[in-house]
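Peer 1: no sequence on this one, just coordinates:
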Ligand SMILES: Cc1cc2nc3c(=O)[nH]c(=O)nc-3n(C[C@H](O)[C@H](O)[C@H](O)COP(=O)(O)OP(=O)(O)OC[C@H]3O[C@@H](n4cnc5c(N)ncnc54)[C@H](O)[C@@H]3O)c2cc1C
Ligand code: FES
């Protein structure tokens, strides 16, 4: 059951010109039921009725960390919070990633990078082999890479302008990685002796997720994606976050997601 409570900001850190990290004392009643890819819904000041959904980046003990960039009034307000301030937090919400795979490629684009750190850390500490492919607009937007290096077998960075890593889009890194992996076919002679195929887990802009999903489908590799939709209630009661599925049904990103198997999603929506 999600918990709603007033939480103290334990630490507020600016990661770069655009991104802010808040570590919140949410208590173990929240962290004990948290899984990677879930989000919290944060009230951003009394004057804003709707809470803002922010992915859980990491958690430990009674602390939970979120990382965000300023987009509008709510996140602007959030960026001004300091250690010792109180925040009204509801969570954990939604369904996260299935971490049962032994080999993972975590893919993050822009502000989709923070939730993938939680995935990488949790999977690595459960004994999985984790690789990371991270895309940023430019060096000024880069964040959290040292933390990925600590828990991942490999990490590659790419940026739109080449100011950090090589120039290009993160989907190129995914393509390259998959090209060098065994296929998912059982009893494939060409792949015998190679490690088992990875599962790809991705968070970022929808265009990026669509391209990652297509690359995975072409290589026969399982892919989970974390979708972003505008939200109202965050708990499945208002329909604001409905999105189209490949089978013609509609699902709530807040309640049924935000993580879906890539094959479930209608990418032409
Ligand atoms: C499941 C989920 C996880 C997210 N995780 C992160 C994260 O880890 N870090 C991060 O920086 N951002 C994240 N976002 C996006 C973040 O919620 C928006 O940037 C934020 O709500 C914008 O609020 P605002 O008041 O600053 O902007 P405004 O544009 O003023 O917001 C107006 C309204 O639109 C909604 N809204 C605007 N943009 C979005 C959006 N992209 N997604 C959902 N609602 C939106 C706001 O919640 C608000 O109700 C996530 C969104 C979702 C759905
Ligand atoms: S945000 Fe209200 S149903 Fe998803």
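Peer 2: Done, it's in. A quick note: this is a predicted structure, and the numbers were derived from the prediction, not measured. Numbering: from 1, shown residues only. Ligands and ions are numbered 1, 2, ... in the order given.
Peer 1: spatially central residue for this protein, please.
Peer 2: Relative to the mean C-alpha position of the chain, the nearest C-alpha, by CA atoms, centre = their mean, is the one of residue 115, at 3.3 Å.
Peer 1: number of residues surrounding residue 139?
Peer 2: Residues lying near residue 139 (other CB atoms under 10 Å) number 14. Bear in mind the C-beta positions are built from the backbone N, C-alpha and C, glycine included.
Peer 1: same check on residue 138?
Peer 2: Other residues near residue 138 come to 12 when the count uses other CB under 10 Å.
Peer 1: residue 261 too?
Peer 2: Using other CB under 10 Å, residue 261 has 13 neighbouring residues.
Peer 1: does it really touch residue 224, like I thought?
Peer 2: Yes - contact criterion CB atoms under 8 Å: residue 261 and residue 224 qualify, at 5.9 Å.
Peer 1: nearest residue to the residue nearest to the centre of the chain in space, please, no chain neighbours.
Peer 2: Of all residues not flanking residue 115 in the chain, residue 55 sits nearest, at 3.8 Å (CB to CB, 6 or more residues apart in numbering).
Peer 1: ok, the one you found - contacts?
Peer 2: 37-39, 66, 114-115, 203, 226, 258 (CB atoms under 8 Å, 6 or more residues apart in numbering).
Peer 1: which of these sits closest to residue 16?
Peer 2: Proximity of those to residue 16 (CB to CB) peaks at residue 114, which lies at 12.3 Å.
Peer 1: which other helices and strands contact the helix or strand hosting that closest one?
Peer 2: For residue 114, the enclosing helix or strand under DSSP states H and E is helix 113-125. Packing partners of helix 113-125 (3 or more CB pairs under 8 Å, 6 or more residues apart in numbering; DSSP states H and E): strand 58-60, strand 63-69, strand 103-109, strand 129-136, helix 145-151, strand 199-203.
Peer 1: what about 6 Å?
Peer 2: The contact analysis (3 or more CB pairs under 6 Å, 6 or more residues apart in numbering; DSSP states H and E) places helix 113-125 against strand 103-109, strand 129-136, helix 145-151, strand 199-203.
Peer 1: and it, how far out from the chain middle?
Peer 2: Between the centre of helix 113-125 and the centre of its chain there are 9 Å (CA atoms, centre = their mean, to the nearest Å).
Peer 1: list the buried residues in it.
Peer 2: Using 16 or more other CB atoms under 10 Å as the burial criterion, the residues of helix 113-125 that qualify are 113-124.
Peer 1: which other residues reach that helix?
Peer 2: Residues outside helix 113-125 that contact it (CB atoms under 6 Å, 6 or more residues apart in numbering): 36-37, 55, 57-58, 67, 97, 99, 104, 106, 108, 130, 132, 134, 144, 147-148, 151-152, 201, 203.
Peer 1: gap between residue 177 and ligand 2?
Peer 2: 33 Å (CB to the nearest ligand atom, to the nearest Å).
Peer 1: okay, and that residue sits in which element?
Peer 2: helix 170-179.
Peer 1: helices and strands around that helix, which ones?
Peer 2: If you count contacts as 3+ CB pairs under 6 Å, 6+ apart, helix 170-179 packs onto strand 103-109, strand 129-136, strand 154-159, helix 206-219.
Peer 1: now tabulate those in a markdown table and tack on mean pLDDT and mean neighbour count.
Peer 2: Below are these laid out as a markdown table (pLDDT from 0 to 100; neighbours: other CB atoms under 10 Å):
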| stretch | mean pLDDT | mean neighbour count |
| --- | --- | --- |
| strand 103-109 | 97 | 26 |
| strand 129-136 | 97 | 26 |
| strand 154-159 | 97 | 19 |
| helix 206-219 | 96 | 19 |
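Peer 1: closest one to residue 265 among the ones you listed?
Peer 2: Going by CB to CB, the one of the helices and strands packed on helix 170-179 nearest residue 265 is helix 206-219, 7.1 Å.
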